[in-house]
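>>> Need coordinates for the below:
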Amino acid sequence: MISDTKVQPIGEQLWDIAEAVEQRSDFDLNTILNHVLDICIAADRPPIFDLSAHDRVKQLIAAGADESALLKLIPESVMLTGGLFSGRGKFVAQAIIDGGWGAHSLKARSLAAGWMAAYLRAVATKLGYNPLKL
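Below is the predicted model:
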């Protein structure tokens, strides 16, 4: 039997995860990391994270050091910027990946969540998916 279920393209899946990361108050880096890796495996693509420091990343996540863990996960070639919106309790973040592909997060509840959302959007854009392009 042939299923008529359409598989969502990887770029669209990454964009959707970025949206969910921004909206959640309980940012769980380990769960998000595993979900993104599963998507990459299912799409037969290499991981979008640097997994060479996997054990150290797990230690940092367990210690609650999500920003440090992300800095170990996201390739060193990626430029990350970010900060707190004054008086809003939300963070702004930007990720620019190789080739100049970039994206933002404007409403995350932590800097780590902002960086993750911006990075996932930048990768999605590089893969050809960006619903905000005019």
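>>> Helices of this structure, start to end?
All helices of the chain, identified by DSSP state H, fall at 10-23, 29-42, 54-62, 66-73, 111-126.
>>> now the ones you listed as JSON lines including mean pLDDT and mean neighbour count?
Where you see a C-beta, it was placed from the backbone N, CA and C, and this is true even at glycine. Converted to JSON lines, those look like this (pLDDT from 0 to 100; neighbours: other CB atoms under 10 Å):
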{"stretch": "helix 10-23", "mean pLDDT": "90", "mean neighbour count": "20"}
{"stretch": "helix 29-42", "mean pLDDT": "84", "mean neighbour count": "15"}
{"stretch": "helix 54-62", "mean pLDDT": "86", "mean neighbour count": "15"}
{"stretch": "helix 66-73", "mean pLDDT": "87", "mean neighbour count": "20"}
{"stretch": "helix 111-126", "mean pLDDT": "92", "mean neighbour count": "26"}
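>>> Adding distance to Leu132, write these out as CSV.
Below are the helices of the chain laid out as CSV (distance: least, CB to CB, whole Å):
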stretch, distance to Leu132
helix 10-23, 9
helix 29-42, 20
helix 54-62, 30
helix 66-73, 23
helix 111-126, 9
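>>> Distance from stretch 51-66 to the middle of the chain?
Taking CA atoms, centre = their mean, to the nearest Å, one finds the center of stretch 51-66 at 16 Å from the center of the full chain.
>>> Give me the contact list for that stretch.
Contacts of stretch 51-66 with the rest of the structure, by CB atoms under 8 Å, 6 or more residues apart in numbering, involve 27, 29-30, 33, 68-69, 72-73, 110, 112.
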